[in-house]
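**Q** I would like to see how this sequence folds:
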Amino acid sequence: GFMTRYERKIFDDLKSPHLKYWVPFVWFGNLATKARKEGRIRDSVDLQTLMNEMNKYRSWCSLLFGYDWVGIPLVYTQVVTLAVYTFFLACLIGRQFLDTDQGYQGHDLDLYIPVFTLLQFFFYAGWLKV
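**A** Numbering: from 1, shown residues only. Below you'll find the model as predicted:
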């Protein structure tokens, strides 16, 4: 509903190696200038305000396009993966059961299911996959 069928055909037929998000902005600028010449926009300050807002929106789209174009470097994912696996290796060693034959004070029976360690593992491993 934002374009007529004719405008959509022109938009689709336009050949560009990149995204075509900028085409409607050019159309808007041309229509706003035409409206000013025809007297539909009465003041140049109003036209300037319209164009400034459109340029702000266009720059935000350009910034978003830049974020999409440049991916996260591979080293970041490798560092996060290494950090998660190192953390769980440390948890595996640090959260072992105590040897009850050694007679540790206050630890007569040390049998439990490490629920929070399991939850941490599932959370971080799932987060890592995302």
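**Q** Counting by contacts, list what the lengthiest helix in the chain packs against.
**A** With DSSP state H applied, the helix covering the greatest number of residues in the chain is identified as helix 44-69. The contact analysis (3 or more C-beta pairs under 8 Å, 6 or more residues apart in numbering; DSSP states H and E) places helix 44-69 against helix 23-38. For the C-beta atoms, the positions are set from N, CA and C on the backbone; glycine is no exception.
**Q** what is the orientation angle of the helix it packs on with helix 44-69?
**A** Inter-element angle recorded for helix 23-38 and helix 44-69: 170 degrees (by axes from the mean of the first three to the mean of the last three C-alpha atoms, to 10 degrees).
**Q** And for helix 23-38, what's in contact with it?
**A** Among residues not part of helix 23-38, those counted as contacts by C-beta atoms under 8 Å, 6 or more residues apart in numbering are 2-3, 7, 11, 14, 41, 44, 47, 50-51, 54, 57-58, 61.
**Q** hmm, back to that, beyond the longest helix of the chain, next helix or strand please.
**A** Read in the C-terminal direction, the helix or strand following helix 44-69 is helix 74-94, with elements assigned using DSSP states H and E.
**Q** Okay then, goodbye and thanks.
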